[in-house]
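In: Okay, sequence plus prediction incoming.
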Number of protein chains: 2
Amino acid sequence: MRVFGIDCGTEITGYGVVDTDEGSRNPQLICRAFGGIRLSKQKTMAERLKQVYDDLSGALEEWKPEVVAVEEVFYSVNAKSALKLGQVRGVALLAAAMQALPVAEYAPLKIKSSVVGYGLAGKEQVQFMVARLLELAEPPEPPDAADALAVAICHIHTAQTLEFQGGRR
Amino acid sequence: MRVFGIDCGTEITGYGVVDTDEGSRNPQLICRAFGGIRLSKQKTMAERLKQVYDDLSGALEEWKPEVVAVEEVFYSVNAKSALKLGQVRGVALLAAAMQALPVAEYAPLKIKSSVVGYGLAGKEQVQFMVARLLELAEPPEPPDAADALAVAICHIHTAQTLEFQGGRR
């Protein structure tokens, strides 16, 4: 299974590609790629959204994942930032839909629990554990890419749990 | 000048196309088209966003406007609805950017003042005045289409004021 994680942001949108060998009970996670799409403040909002869309679409075409994983909406931000973040999230979801890819959403607490084992973990703990789980020499930069890899790992862990539970029935 | 107005919504996104003869001091407004993109609740969010994007892109290609006009963000909604609305707004702005069209944004108060002459006008007053200004036999339906035509009219009025002020210098 290949999962494409996206961490939407109004300044930087992170992405990460994680593979796993299916079927194994203790499968390995392999990081294929990660990066951050940094948005220019010189551009208009419409141009910035086009950049996110074009870059994500290009990466999806290149890596051909089976599924896209994104963080669920975090509601406690204010309405102004929520609307801006929503705009970026909209074009990210569109990029997935345009390539007929299913989208899985995970709550921030679930992602952190899945990666760090603790739902209230900080950014640095997530970066550290993502590097460790993926056997990277250094924590992924920007942190947004680490968050994108984290949601991809969360999807793999969740899919495995479901499969395992199904197998025990 | 041909203006393409968009009124983003999480259930229905309205659009409307308005032409005007430039240069004249008392120019006529001509309504070319309007409609509403109704989103299916059966579909996933990503699929709904694809529908909005595809339908708006198709209408922009058909009508080839010079500019796209949208309502500015209305901040007093809660974060949850703001994020949902932002997602729709993101793909609408993307549709404009993909066809290299400039986007003009107007505050709700300005749009209502421009169309009804009163910033706190209700939905029905907007529908009524849009029908009158565009010489339509009936108020445009759905109301979201009337709102989209209103923002297009607002852009034409504003562009004329700017031109007139420029001419007086």
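Out: Received, thanks. Numbering: from 1, shown residues only, chains lettered A, B, ... in the order given.

In: Just list what the strand or helix carrying A:Val68 packs against, helices and strands only.
Out: Applying DSSP states H and E as the criterion places A:Val68 in strand A:67-71. Where contact means 3 or more Cβ pairs under 8 Å, 6 or more residues apart in numbering or on different chains; DSSP states H and E, strand A:67-71 is packed against strand A:2-7, helix A:79-98, strand A:103-106, helix A:143-168. Backbone N, C-alpha and C define where each C-beta goes, glycine included.

In: Buried residues, the second one. List them.
Out: Neighbour-count burial for helix A:79-98 flags A:79, A:82-98 (criterion: 16 or more other Cβ atoms under 10 Å in any protein chain shown).

In: Mind checking the pLDDT average for that helix?
Out: With pLDDT averaged residue by residue, helix A:79-98 scores 94.

In: what angle separates it from strand A:2-7?
Out: 160 degrees (axes from the mean of the first three to the mean of the last three Cα atoms, to 10 degrees).

In: for the last one, same thing?
Out: Interaxial angle of helix A:143-168 relative to strand A:2-7 (the same axes, to 10 degrees): 130 degrees.

In: Who are the packing partners of helix A:143-168?
Out: Checking 3+ Cβ pairs under 8 Å, 6+ apart, helix A:143-168 ends up next to strand A:2-7, strand A:12-20, strand A:29-38, strand A:67-71, strand A:103-106, helix A:108-116, helix A:123-133.

In: quick revisit: filter the buried residues of helix A:79-98 to keep only those in contact with chain B.
Out: Contacts with chain B within the buried residues of helix A:79-98, counted by Cβ under 8 Å from any Cβ of the partner chain: A:79, A:82-91, A:93-94, A:96-98.

In: mind putting the helices and strands packed on helix A:143-168 in a markdown table, mean neighbour count and mean pLDDT included?
Out: Listed next are these as a markdown table, based on neighbours: other Cβ atoms under 10 Å in any protein chain shown; pLDDT from 0 to 100:
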| stretch | mean neighbour count | mean pLDDT |
| --- | --- | --- |
| strand A:2-7 | 27 | 98 |
| strand A:12-20 | 24 | 97 |
| strand A:29-38 | 18 | 96 |
| strand A:67-71 | 24 | 96 |
| strand A:103-106 | 18 | 96 |
| helix A:108-116 | 20 | 92 |
| helix A:123-133 | 18 | 93 |
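
In: Tell me how many other residues crowd A:Asp147.
Out: Using other Cβ atoms under 10 Å in any protein chain shown, A:Asp147 has 30 other residues around it.

In: how close does the nearest residue to it once chain neighbours are set aside get to chain B?
Out: The shortest distance from A:Asp147 to any non-neighbouring residue, by Cβ to Cβ, 6 or more residues apart in numbering or on different chains, is to A:Asp7 (3.8 Å). In this view, A:Asp7 and chain B are 15 Å apart by Cβ to the nearest Cβ, to the nearest Å.

In: Let me see the confidence value for A:Arg169.
Out: Confidence at A:Arg169, expressed as pLDDT, is 36.

In: for A:Gly122, same thing?
Out: So A:Gly122 comes in at 86 (pLDDT).

In: And it, how far from chain B?
Out: 22 Å.

In: Mind telling me which residue of chain A is nearest chain B?
Out: Evaluated by Cβ to the nearest Cβ, chain A has A:Gly86 as its residue closest to chain B, separated by 2.1 Å.

In: looking at it, that residue is touching B:Lys80, isn't it?
Out: No. Applying Cβ atoms under 8 Å as the test, A:Gly86 and B:Lys80 come out as separate, 9.9 Å apart.

In: what about A:Glu62, neighbour count?
Out: Other residues close to A:Glu62 by other Cβ under 10 Å number 11.

In: So what does it have for phi and psi?
Out: Backbone dihedrals for A:Glu62, given as degrees, to the nearest 10, come out at phi -70, psi -40.
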